[in-house]
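make a model of this:
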Amino acid sequence: MAISVHFQGRRVFRAVLGYGVVAFALLQIIEPIMHGLHLPEATLTWALLALAVAFPIVITVAWLTGSFEGEIAPAGWRHAWPLAAALAALLLGAALFLYWRRAATPPPPTLVQATFEGGIEEYPAWSPDGKNLLYVAQSGLSRKIFRKNLRTGQVAQLTHGDADELQPAWSPDGSKILFVRAHDVSLKLQPGDMFGMFLNGDLWQFDLRSEKETPVLSDAYNPAWAPDGTQIAVDASWAGPRRIWVLDGEGHNPQQVTTDSSEEVAHVAPRFSPDGRKVVFQNIERTKFDIRVVNLDSKQLSWITNDVASDTRPVWSPSGKFIYFTSDRGGGWNIWRAPVGPDGALAGTLQQITSGAGQDVEPAISADGKQLAFTTLRQNADIWKLPVSPQTGLPTGAPDAVISTTREESRGAWSPDGASIAFNSDRGGEMNIWIHSLKDGSTRQVTTGPGGDFQPNWSPDSARIAFFSSRHKRPAIFTVEVESGKLTALTPGDSIDAGPFFSPDGTHIAFQSDRTGRTEVWVMRADGGDPRQLTQVGASGHFVRWTNQGDAVVFRCPCGGKNVIMAAPVAGGDATPFAEINGGAHMSFSPDRARIMDVVQHRVLWVSPVKGGRPEKVFEFPDPNSRIDYPVWSPDGRYVLFDRQRPEGGDIWVLRDFE
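Residues are numbered from 1 along each chain as shown. Just a heads-up that it's a prediction; the model follows:
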């Protein structure tokens with residue numbers, strides 16, 4: 001009998017040891033499998049309980065199996081079961097410790113590609129259950145709203161028609177979708193600047209049950225639902241400058257919830273906090289992009305970012321702990337997050353979430369906070385030139401690239417002798433001023449440092465270049481000596497000053513400023529002295545220009561919603577209408593000042609006579625995704641320089657276990 005008990009004890013010991021090895025191995029592989037198959041987090045808890053319950057069963061089976069081979073000794077039970085119970089408690093304790101340790105240290109984030117089609121898929125938006133994803137993709141000549149089931153991979157086009165569409169938002173109850181549709185089929189929805197505010201669109205609703213499309217609001221953009229579905233936030237210019245508005249769930253009873261001290265500042269891209277009591281949005285001051293929060297009860301505004309980096313398209317995480325956004329503060333456009341407290345104020349150091357090439361934009365987080373979708377765009381801007389007739393401005397040949405890299409090259413300006421081009425580029429990491437020689441093809445950097453240097457303009461003697469920059473927090477006017485690189489600040493930096501242009505004799509600089517609360521045309525000496533306001537009617541667009549005699553500054557006036565090209569006398573007096581042209585935001589005179597070249601809808605170059613005659617279409621790319629900006633006529637009139645920006649592709653990616 002002693003021998004029987006001895007062998008039964010050995011059998012139980014082997015069962016305990018074997019079970020322990022198997023249980024440990026299962027715990028090591030269950031969690032990776034669980035996350036790979038996207039099983040619920042409770043799966044691991046159930047696995048631990050199953051292992052604990054199974055242990056005494058295994059011991060019992062081992063003992064009973066041995067009992068058939070010999071006499072069962074009561075003494076054996078008295079010694080074996082306390083050992084089994086101790087080992088069971090030890091195993092369960094180890095399993096619980098392992099579970100606690102892994103719960104305390106979350107698994108690393110996983111990144112999966114959600115769309116694979118050719119072309120560009122952008123503007124992701126989650127279904128309430130996190131199983132489907134809305135996005136925008138090309139369909140024919142326009143962009144439409146698509147839905148993809150992430151489990152089955154099935155894709156369905158939801159909206160139809162010829163008008164361009166963007167910015168879908170799924171209602172919390174899953175019944176309808178808001179989106180922005182272009183006014184008419186001839187328009188492509190584009191921001192005024194990259195990551196800026198949109199124009200020429202209306203808010204529509206798509207009912208998922210009836211598949212009916214109905215208009216909701218005119219001239220409203222970036223729709224966002226409150227978490228409970230009772231409110232909608234949009235950005236709109238219904239009462240002047242672009243601001244954030246909140247309406248009820250049907251799109252009625254609009255209330256403006258943000259204000260600012262300057263009409264030059266724009267507020268766009270609102271997103272609600274998880275409690276629905278705050279809204280985060282993007283603040284735009286020309287080329288300076290920051291993140292702000294408004295408390296809907298008090299209307300108090302607070303800054304999340306306010307520095308030289310560009311931060312765009314924020315979204316609040318459902319946990320309420322972070323605000324996610326796109327930023328270039330790491331050298332490329334990636335997803336970052338800002339820790340925030342219950343009051344919506346910044347509560348820690350900014351953290352980078354994604355890295356690598358491409359532009360990671362438009363973050364969207366599922367309602368359960370477990371999935372972060374974003375678009376990775378592959379795009380850049382190059383500088384091209386189009387040969388034209390000096391007499392008519394019409395093309396005499398095909399355009400070709402002058403400055404082309406994988407980075408952003410933009411806002412080129414001819415030197416007075418036409419031998420060089422000054423431009424802003426981020427090829428060195430920061431957006432600075434560079435000069436490209438057309439004689440030998442060499443390129444050299446003129447300015448350095450963070451803040452973003454934009455829109456260079458040469459002095460008539462080619463000794464200096466004027467530009468605007470946010471290196472002192474707000475956009476201000478600077479000059480740099482071409483040979484020495486010496487930098488001089490001409491405006492104080494406590495207002496938004498942009499778009500500097502030298503007078504024909506080089507003694508003065510005209511620019512735009514909001515220092516009186518609204519953007520107007522100002523003029524100062526070339527050293528920054530004696531700044532004077534020239535207009536009282538408002539100014540808009542990117543460029544102002546001087547008349548050939550230097551006695552007036554030509555600008556675009558918004559004039560109550562109807563853009564008018566006007567001239568403001570430098571000596572003083574009221575501005576008067578100057579010419580009727582197509583465009584006005586990027587005006588460039590022909591050398592004889594008889595014609596103005598400009599771009600319309602960021603796609604089509606037009607030339608307009610200053611006196612008499614009709615505007616004529618000059619050029620557009622056959623590719624509808626190619627964008628044209630900042631045309632500038634060469635000093636000899638034989639070329640027009642312009643930006644060409646074309647997305648090379650874009651896909652939607654999903655990041656899991658990111659928070």
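
pull out the buried positions in stretch 276-285.
Within stretch 276-285, the residues that count as buried by 16 or more other CB atoms under 10 Å are 276, 278-285. Heads up, the C-betas are built off the backbone N, CA and C, glycines and all.

closest to residue 391 among these?
Of all the buried residues of stretch 276-285, residue 391 sits closest to residue 284, with 39.8 Å by CB to CB.

and that closest one, how far from residue 497?
15 Å (CB to CB, to the nearest Å).

then residue 208?
The value you get for residue 208 to residue 497, if CB to CB is used, is 48 Å.

repeat that for residue 421.
Noted for residue 421: a distance of 24 Å to residue 497, by CB to CB.

so which of the two has more stuff around it?
Neighbours per residue (other CB atoms under 10 Å) separate residue 421 from residue 497, with residue 497 holding more: 28 against 25.

my guess is the more buried one contacts residue 468, does it?
Yes: counting by CB atoms under 8 Å, residue 497 touches residue 468, with 6.4 Å between them.

what is in contact with those two at once?
The contact sets of residue 497 and residue 468 overlap at 475-477, 511 (CB atoms under 8 Å, 6 or more residues apart in numbering).

turn these into TSV, including pLDDT.
Shown next, in TSV, are these (pLDDT from 0 to 100):
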residue	pLDDT
475	92
476	94
477	96
511	97
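
out of those, who's nearest residue 366?
Using CB to CB, these come closest to residue 366 at residue 475, 36.7 Å.

who does the nearest residue to residue 453 once chain neighbours are set aside bridge with?
In space, residue 453 comes closest to residue 469 once its chain neighbours are excluded; the distance is 4.5 Å by CB to CB, 6 or more residues apart in numbering. In this entry, residue 469 is beta-bridged to residue 453, residue 476, by DSSP bridges.

so where's the protein shaky on pLDDT?
1-107 (pLDDT under 70).

go with 50
1-7, 36-37, 67-78, 80 (pLDDT under 50).

all strands for the stretch 251-400 of the chain, in order.
255-256, 266-272, 278-285, 288-295, 301-303, 311-316, 322-327, 334-339, 351-352, 359-365, 371-387, 400-403 (DSSP state E, counting those that start in this stretch).

which elements pack onto the third one?
Applying 3 or more CB pairs under 8 Å, 6 or more residues apart in numbering; DSSP states H and E, one finds that strand 278-285 makes contact with strand 243-248, strand 266-272, strand 288-295, strand 311-316.

for the stretch 101-250 of the chain, what spans make up the strands?
110-113, 122-126, 132-139, 142-149, 155-157, 165-170, 176-182, 201-207, 213-218, 220-225, 231-236, 243-248.

any idea which of the ones you listed gets closest to residue 618?
Taking CB to CB, strand 176-182 is the member of these nearest to residue 618, at 23.1 Å.

show me the contact partners of the closest one.
By CB under 8 Å, 6+ apart, strand 176-182 touches 125, 134, 142, 145, 158-159, 163-171, 188-189, 198, 200-208, 216, 220-223, 225, 232.

which of those residues are buried? Put it as a ChimeraX command.
Burial among those is assessed by 16+ other CB under 10 Å; the matching ChimeraX selection reads:
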select :125,134,142,145,158,159,163,164,165,166,167,168,169,170,171,188,189,198,200,201,202,203,204,205,206,216,220,221,222,223,225,232
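
before we move on, the earlier item: which one of the strands of the stretch 101-250 of the chain lies closest to residue 534?
Nearest of the strands of the stretch 101-250 of the chain (CB to CB): strand 243-248, 27.1 Å.

in the closest one, which residues are buried?
Buried-residue list, strand 243-248, by 16+ other CB under 10 Å: 243-247.

name the nearest residue to residue 162, sequence neighbours excluded.
Residue 162 sits nearest to residue 185 (CB to CB, 6+ apart), 4.1 Å away.

what's the one you found in contact with, if anything?
So residue 185 contacts 142, 161-164 (CB under 8 Å, 6+ apart).

turn the strands of the stretch 101-250 of the chain into JSON lines, columns for distance to residue 443.
Shown next, in JSON lines, are these (distance: least, CB to CB, whole Å):
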{"stretch": "strand 110-113", "distance to residue 443": "35"}
{"stretch": "strand 122-126", "distance to residue 443": "32"}
{"stretch": "strand 132-139", "distance to residue 443": "34"}
{"stretch": "strand 142-149", "distance to residue 443": "35"}
{"stretch": "strand 155-157", "distance to residue 443": "44"}
{"stretch": "strand 165-170", "distance to residue 443": "35"}
{"stretch": "strand 176-182", "distance to residue 443": "38"}
{"stretch": "strand 201-207", "distance to residue 443": "38"}
{"stretch": "strand 213-218", "distance to residue 443": "46"}
{"stretch": "strand 220-225", "distance to residue 443": "37"}
{"stretch": "strand 231-236", "distance to residue 443": "38"}
{"stretch": "strand 243-248", "distance to residue 443": "41"}
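
wait, which of those strands is closest to residue 363?
Proximity to residue 363 (CB to CB) singles out strand 122-126 among the strands of the stretch 101-250 of the chain, at 8.4 Å.

give me the contacts around that closest one.
The contact list for strand 122-126, computed with CB under 8 Å, 6+ apart, reads 114, 132-137, 166-170, 177, 361-362, 364-367, 371, 373-375, 377, 650, 652.

partner strands of that strand, with direction?
Going by DSSP bridges, the partners of strand 122-126 are strand 132-139 (antiparallel).

tell me the gap between the strand it pairs with and the middle of its chain.
Averaging C-alpha positions (CA atoms, centre = their mean, to the nearest Å) puts strand 132-139 17 Å from its chain's average.

what's the angle from it to strand 371-387?
Relative orientation of strand 132-139 and strand 371-387, computed by axes from the mean of the first three to the mean of the last three CA atoms, to 10 degrees: 20 degrees.

and for strand 132-139, what are the contacting residues?
Residues outside strand 132-139 that contact it (CB under 8 Å, 6+ apart): 114-115, 117, 119-127, 143-150, 157-158, 165-168, 170, 177, 373, 625, 652, 654.

buried by neighbour count, from these: which ones?
For these, buried by 16+ other CB under 10 Å: 114-115, 120-127, 143-148, 150, 158, 165-168, 170, 177, 373, 625, 652, 654.

now the phi/psi pair for residue 561, please.
Phi and psi for residue 561, reported as degrees, to the nearest 10, are phi 100, psi -10.

tell me how many other residues crowd it.
6.

cool, and residue 294?
Quick note: residue 294 (other CB under 10 Å) scores 24 neighbours.

next: residue 511.
24.

now it: closest residue in space, sequence neighbours ignored.
Spatial nearest neighbour of residue 511, excluding adjacent residues (CB to CB, 6+ apart): residue 500 at 4.5 Å.

tell me which other helices or strands the helix or strand harbouring that neighbour touches.
Assigning secondary structure by DSSP states H and E places residue 500 in strand 497-502. For strand 497-502, the packing partners by 3+ CB pairs under 8 Å, 6+ apart come out as strand 453-458, strand 464-469, strand 476-481, strand 508-513, strand 540-546.

with distance to residue 444 as extra columns, can I get the ones you listed in JSON lines?
Putting these into JSON lines (distance: least, CB to CB, whole Å) gives the following:
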{"stretch": "strand 453-458", "distance to residue 444": "13"}
{"stretch": "strand 464-469", "distance to residue 444": "12"}
{"stretch": "strand 476-481", "distance to residue 444": "12"}
{"stretch": "strand 508-513", "distance to residue 444": "24"}
{"stretch": "strand 540-546", "distance to residue 444": "25"}
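
ok, which of those comes nearest residue 255?
Once these are compared by CB to CB, strand 540-546 is nearest, at 26.2 Å.

strand partners (parallel or antiparallel) of the closest one?
Partners of strand 540-546 in its sheet, by DSSP bridges: strand 552-557 (antiparallel).

ok, residues contacting the strand it pairs with?
Residues contacting strand 552-557 (CB under 8 Å, 6+ apart): 510, 512, 521, 523, 534-535, 537-541, 544-547, 563-570, 575, 578, 584-585, 587.

any of those buried? List them.
The buried subset of the contacts of strand 552-557 - by 16+ other CB under 10 Å - is 510, 512, 521, 523, 534-535, 537-541, 544-547, 563-568, 570, 575, 578, 584-585, 587.
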